[in-house]
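> Sharing a model prediction with you, sequence too.
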Amino acid sequence: MGSALKWIGTTTAFLALTIALMLAQDKVPELSPAQDNPSFKFSVGTHLVLVPVVVNDKQGKHVPGLTAADFEIKEDGNVKKLANFEEITAENTVAERPVLPPKTFTNQVVAARPKKLEIILLDLLNTPLSGRAEARRGLIDFLSKSADPDTLTALLVLRSNRVTMIHNFTSDPSVLVAAIRKLQGQATSRDTPTMNTNGGDVDAEARQLGTIFAGFAALESTGIPTVSQQRAMIRGLEAQADASRQSQEGLITLECMEQISQYFAAVPGRKSLLWASTGFKFSQDSMAGTTRGTTQADWQRAMRMLQEANIAVYPIDLAGVGLGGEGDVLAHGEISTGAGSAEIQALSAGGLADPTIAKHETMDTVAAMTGGRAFYNFNDSAELLRRARQDSSQYYMLSYYAAAGKDGWRKLNVQVHHAGAQVRARTGFFFHNAARDPDSARQTEETIAVSSDLESTSLPFIGQWQQIEHEGNKRRVHFALSIPPGTVVIDTEHENRLYVDFLVLAENAQGKEVGRMGQRLDRKLSLAEVDRIRSRGITYLNSLTLEPGEYNVHIVVRDNLKGNLGSVATQLKVD
């Protein structure tokens, strides 16, 4: 991901920052100002924490009519004063994109109120081929039994290298069923292992790594390996190769969850993400630099993005498809994770434990950190979906201002003073000041976004292809990006600093990169510029030089002071 370093050039007074929205060539259509949403009211030194809280009675039904006085929220044991409080009843209206003229594109979502949404992620990456046919049958049955015209459902699929939108939100499950029937999976390391590291009641990886270490110890003492020692070392190296590939698949899973978070970030309300998978165990690879093994930073970034997008994860263990018979839903997630980093460390330390337990620990932790629940019996699918659907249909939204401090995990505890109330909220959040992000972290997010099939929506913008100039056999294609007012943070505490990245990547029909540009806009604004940006937004002007042809262009904009990111994929025809 270091290639992103080549994309960025720094500028101060450059034509890229054009405050006027009326351009010389064309007028760029304007987006609506940022919605009246707390996420747009952050300053660099202010951190508003949003905490969705599900409150049910003993029968599992929503408890209505509670007031702010009924709630108490603690951060790391300290009671916090609520800044906002609202009881949410989600709508079933569709979140739409604006209608745009030709040669114009946007990632903006038009939605003012929370939506009654659920997202199903079918994980073909972490599910062996042997279980995918049964998983598809279970998911088809799952959708067929749970038709609800008042709920919008989206279907995504996680494959070996990316997450793909199979169908955006629909209230017709037959559409999703038809899409699932067409799905075909590719083999992963679970299907073509060097050796079997997944079977048995004790993880084979632990046995083989123990064997290889014993073999090396014997070799150091004697200098001459025996035949059994050589075999042990070979089998141990094979086990390490399998573990490395599976660790890389774990990283891909986390990156895909980040993409899902970015895509749904602009849709208001609490979203339920049903992650249908056999799961993966957390393992922190000591050779992460060469094997792309998962690290604590990867986990923290993925969980933070899910939390900020208000997505609660409901892991569903596909290993339980058709295996039950009792028809009960075994729900987990009412666990205490302690501190997030400590929990991740504990998972890492248990990486060589029983594989099923390790995978369930991963599912439990993801659910608890995001406010969802893990399910290990898929047979009673209607009840499972009813619970997830209800959680995102009616809930309470609490918010408070967190004090500045070090980045890291902060524990949350929410109590409701109401007889018989059953409360579920996420167990904490990762406090994060994006302004302190190193270049490597910014580049990681931008590289994931520019290569993703899913757009990122937390920073909305609108773009337009403009005039084309001949330059020999090539063409210079001008474009403009317009960012609405109230979207990008201006750091008034540090001389009105504006700090934004722009990335553009063009690919031909064969998917080969044929053009790119990148620019970092890091400058201090005058008071007049601050006023104009706050009232009219920002327009960015630049160009790409390409040969005649048809291209798929990815555009990424990142506010480095807030950490919000927007991206869009659009088509460009150059004559």
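On my side now, so go ahead.

> Setting aside sequence neighbours, what's the nearest residue to Met165?
Ranked by C-beta to C-beta, 6 or more residues apart in numbering and with sequence neighbours excluded, the top spatial neighbour of Met165 is Leu156, at 5.6 Å. For every residue, glycine as well, the C-beta is placed using N, CA and C.

> beta partners for that neighbour?
When bridges are called by DSSP bridges, Leu156 pairs up with Leu121, Met165.

> shaky segments in the stretch 251-400 of the chain?
Low-confidence segments of the stretch 251-400 of the chain, defined by pLDDT under 70, are located at 281-294, 319-356, 377-383.

> Trp409 is in contact with Arg426, isn't it?
No - under the criterion of C-beta atoms under 8 Å, Trp409 makes no contact with Arg426, lying 11.3 Å away.

> picking that back up, neighbours around the residue nearest to Met165, how many?
23 (other C-beta atoms under 10 Å).

> now do the one 4 residues further on
By other C-beta under 10 Å, the residues close to Ser160 number 13.

> Wait, it touches Asn126, no?
No - using C-beta under 8 Å, Ser160 is not in contact with Asn126, being 10.2 Å away.

> didn't Thr487 look like it was pressed against Ile533?
No - judged on C-beta under 8 Å, Thr487 makes no contact with Ile533 at a distance of 9.6 Å.

> Strands of the stretch 1-150 of the chain, start to end?
Taking DSSP state E, counting those that start in this stretch as the criterion, the stretch 1-150 of the chain carries its strands at 10-11, 17-18, 47-56, 71-75, 78-79, 84-89, 104-106, 117-123.

> Show me what the fourth one is packed up against.
If I follow you right, that is strand 71-75. strand 47-56, strand 394-402, strand 408-416 (3 or more C-beta pairs under 8 Å, 6 or more residues apart in numbering; DSSP states H and E).

> Report the angle between the second one and strand 47-56.
The directions of strand 394-402 and strand 47-56 differ by 150 degrees, with axes from the mean of the first three to the mean of the last three C-alpha atoms, to 10 degrees as the criterion.

> Asn560: which of the helices and strands packed on strand 71-75 is closest?
With C-beta to C-beta as the criterion, Asn560 lies closest to strand 47-56 of the helices and strands packed on strand 71-75, at 16.1 Å.

> quick one, the closest one and strand 71-75 angle?
Relative orientation of strand 47-56 with respect to strand 71-75: 130 degrees, computed using the same axes, to 10 degrees.

> Now do strand 47-56: which elements does it pack against?
Counting contacts by 3+ C-beta pairs under 8 Å, 6+ apart, strand 47-56 is packed against strand 71-75, strand 394-402, strand 408-416, strand 422-424.

> buried ones in it?
His47, Val49, Leu50, Val51, Pro52, Val53, Val54, Val55, Asn56 (16 or more other C-beta atoms under 10 Å).

> ok, now stretch 253-260?
Thr253, Leu254, Glu255, Cys256, Met257, Glu258, Gln259, Ile260.

> The last one contacts Leu121, doesn't it?
Yes - checked against C-beta under 8 Å, the pair Ile260 and Leu121 is within contact range at 6.9 Å.

> which residues are common contacts for the two?
Counting by C-beta atoms under 8 Å, 6 or more residues apart in numbering, the common neighbours of Ile260 and Leu121 are Leu156, Val163, Leu273.

> now these in a markdown table, with distance to Thr457?
Formatted as a markdown table, those follow (distance: C-beta to C-beta, whole Å):
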| residue | distance to Thr457 |
| --- | --- |
| Leu156 | 15 |
| Val163 | 15 |
| Leu273 | 16 |
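
> which among the residues you listed gets closest to Ala83?
Leu273 (26.5 Å).

> how about the closest one, phi and psi?
The phi and psi values for Leu273, taken as degrees, to the nearest 10, are phi -110, psi 110.

> Can you give me the distance of it to Leu546?
The gap separating Leu273 from Leu546 is 38 Å, by C-beta to C-beta, to the nearest Å.

> Those two - which one has more neighbours?
When Leu273 and Leu546 are compared for neighbours, Leu273 comes out ahead with 27 against 20, by other C-beta under 10 Å.
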